[in-house]
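Asker: Model the following, please.
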Amino acid sequence: GETPGLDWIGGEVRRLETSSPAAKIPHMGWNALIDVTAQPVTASLADGQPVYFTHSFAFFPRDPAHVSAWADHGGRFPAAVARGNVAGVQFHPEKSQGSGLALLANFLEWCP
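Answerer: Predicted structure coming up:
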């Protein structure tokens with residue numbers, strides 16, 4: 001069913017859609033980050049850095065400025081979002097090895 005959510009970052013959750021038959025849903029595996037911004041939680045991550053996903057849905061903010069990193073799995077989707085003192089990621093930091101450790105370290109140092 002649908003729920004309104006907390007609306008801390010406006011947007012909607014959508015089922016992933018892929019334009020490639022090779023890109024299976026649910027999306028399970030490694031993908032590179034794209035267009036990473038200097039938001040504090042993603043600051044030490046870089047374009048091309050691999051992270052691990054396990055999902056069939058993604059959150060799409062109303063304001064694209066709230067996307068702090070993208071990924072592509074047969075179509076582009078937000079991999080990380082941030083607005084003010086709220087941040088979230090679509091991937092699993094605990095499974096993303098060095099990239100995940102860097103993100104968790106950034107989060108622990110973050111003082112919004």
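Asker: I'd like to know how far residue 53 sits from residue 22.
Answerer: Going from residue 53 to residue 22 by C-beta to C-beta, to the nearest Å gives 15 Å. All C-beta spots, glycine's among them, are computed from the backbone N, C-alpha and C.
Asker: Of these two, which one has the most company?
Answerer: Taking neighbours as other C-beta atoms under 10 Å, residue 53 and residue 22 compare with residue 53 leading, 22 against 7.
Asker: Test my guess that that one contacts residue 24.
Answerer: No: here residue 53 does not reach residue 24: they are 11.7 Å apart, not a contact under C-beta atoms under 8 Å.
Asker: shaky segments in this protein?
Answerer: In the predicted model, the chain carries no residue with pLDDT under 70.
Asker: what are the ranges of the strands in it?
Answerer: 11-15, 27-32, 50-55, 57-61, 67-72, 76-83, 86-89 (DSSP state E).
Asker: hey, C-alpha coordinates of the second one in PDB?
Answerer: Extracted in PDB, the C-alpha atoms of strand 27-32 (Å, rounded to 0.1, in the frame of the first residue of the first chain):
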ATOM      1  CA  HIS A  27      19.100  -5.500  -8.400                       C
ATOM      2  CA  MET A  28      21.600  -7.500  -6.400                       C
ATOM      3  CA  GLY A  29      25.300  -6.700  -6.900                       C
ATOM      4  CA  TRP A  30      27.900  -4.000  -7.300                       C
ATOM      5  CA  ASN A  31      27.500  -0.700  -9.200                       C
ATOM      6  CA  ALA A  32      29.700   2.400  -9.500                       C
END
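Asker: got the angle between that strand and strand 57-61?
Answerer: If you take axes from the mean of the first three to the mean of the last three C-alpha atoms, to 10 degrees, strand 27-32 sits at 50 degrees to strand 57-61.
Asker: Any chance of the strands of the chain in JSON lines with distance to residue 110 as columns?
Answerer: Listed next are these as JSON lines, based on distance: least, C-beta to C-beta, whole Å:
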{"stretch": "strand 11-15", "distance to residue 110": "21"}
{"stretch": "strand 27-32", "distance to residue 110": "23"}
{"stretch": "strand 50-55", "distance to residue 110": "18"}
{"stretch": "strand 57-61", "distance to residue 110": "19"}
{"stretch": "strand 67-72", "distance to residue 110": "12"}
{"stretch": "strand 76-83", "distance to residue 110": "10"}
{"stretch": "strand 86-89", "distance to residue 110": "8"}
